[in-house]
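**Q** Next input, structure requested:
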Amino acid sequence: MGTNDASVLAKSEFGKAFAKNSTVLQLPTPAPHGNKIIPYVLIGDDIFPLKAWLMKPFPWRGLSDCERVYNYRLSRARRTIENAFGILSAKWRIFRRPIRANVDLVEKITKSTICLHNYLRLTENAGYIPAGFVDREDGTGNIVPGDWIREVELDSGHRVLNRLGGNRYGFDAGEARD
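**A** Numbers count the residues shown, from 1 in each chain. Below is the predicted model of the structure:
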């Protein structure tokens with residue numbers, strides 16, 4: 001059975017630091033919005049448990065207009081992130097499987113490929129990322145998957161996803177999402 005993103009995050013140093021509101025992350029001071037402070041959060045999908053620092057969509061039944069807008073905006077943010085990593089995975093095969101290296105080397109590999117990606121986008125954009133490679137919305141707001149998905153799926157296959165925890169969450173998590 002595969003390991004899902006939620007359990008990987010929960011066990012990672014990054015996830016543990018976020019859960020503890022650690023200063024190790026060295027995040028700038030959160031921005032004020034009116035009389036509230038908007039905290040930094042991670043964005044997840046339904047497989048993740050809702051936390052004050054980890055936002056996920058509202059269940060899709062009986063949503064208010066505000067909740068529907070929230071789900072739409074959260075979905076767009078997730079799609080942008082998935083596209084960025086999908087393009088990297090499609091163009092740089094090292095990201096299609098777990099990288100067997102120490103953390104410092106993985107960080108260097110990641111930074112190097114991002115620099116090369118950015119350079120190629122600036123200099124070889126039409127050839128590096130052809131039309132249709134990235135997800136897009138059609139005229140009615142439906143998502144049209146980009147070609148990067150087929151490239152990644154052909155090489156890496158599908159993952160088995162397991163839920164981490166239930167749908168119950170603390171008051172602070174619900175308050176943060178609201």
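**Q** Tell me the first helix or strand C-terminal of the helix ranked longest in the chain.
**A** Among the segments of the chain that qualify as a helix by DSSP state H, the longest is helix 65-91. Remark: after helix 65-91, the chain's next helix or strand is helix 103-123, criterion DSSP states H and E.
**Q** So which bits of that next one are buried?
**A** Buried residues in helix 103-123, counted by 16 or more other CB atoms under 10 Å: T113, H117. Every C-beta, even on glycine, is put in place using the N, C-alpha and C of the backbone.
**Q** Tell me the helices and strands packed up against it.
**A** Packing partners of helix 103-123 (3 or more CB pairs under 8 Å, 6 or more residues apart in numbering; DSSP states H and E): helix 65-91.
**Q** In the helix it packs on, which residues are buried?
**A** Buried residues in helix 65-91, counted by 16+ other CB under 10 Å: 67, 70-71, 74, 78-79, 82-83, 86-91.
**Q** With I38 as the reference, measure out to A31.
**A** 5 Å (CB to CB, to the nearest Å).
**Q** and S7, how many neighbours?
**A** When neighbours are counted by other CB atoms under 10 Å, S7 registers 18.
**Q** ugh, typo on my part, it should be I94
**A** 13.
**Q** Might one say that it is in contact with T113?
**A** Yes. In this structure, I94 is within contact of T113 by CB atoms under 8 Å, at 7.3 Å.
**Q** wait, doesn't H117 sit right on G86?
**A** No. Judged on CB under 8 Å, H117 makes no contact with G86 at a distance of 11.9 Å.
**Q** Check which helix or strand F14 maps to.
**A** Using DSSP H and E, F14 sits within helix 13-19.
**Q** neighbouring contacts of the next helix or strand after that helix?
**A** Past helix 13-19, further along toward the C-terminus, the next helix or strand under DSSP H and E is strand 31-33. Applying CB atoms under 8 Å, 6 or more residues apart in numbering, the contact partners of strand 31-33 are I37, I38.
**Q** any idea of the mean pLDDT for strand 31-33?
**A** On average, the pLDDT along strand 31-33 is 81.
**Q** Stretch 94-105 now?
**A** Stretch 94-105 comes out with an average pLDDT of 87.
**Q** Stretch 70-84 now?
**A** Mean predicted confidence for stretch 70-84 is 87.
**Q** and it, how far from the chain's centre?
**A** Using CA atoms, centre = their mean, to the nearest Å, the mean C-alpha position of stretch 70-84 is found 8 Å from that of the whole chain.
**Q** Stretch 74-86 now?
**A** Stretch 74-86 sits 6 Å away from the centroid of its parent chain (CA atoms, centre = their mean).
**Q** Pull the residues that contact it.
**A** Under CB under 8 Å, 6+ apart, the answer for stretch 74-86 is 43-45, 55-57, 95, 134-135, 143, 146, 148-149, 152.
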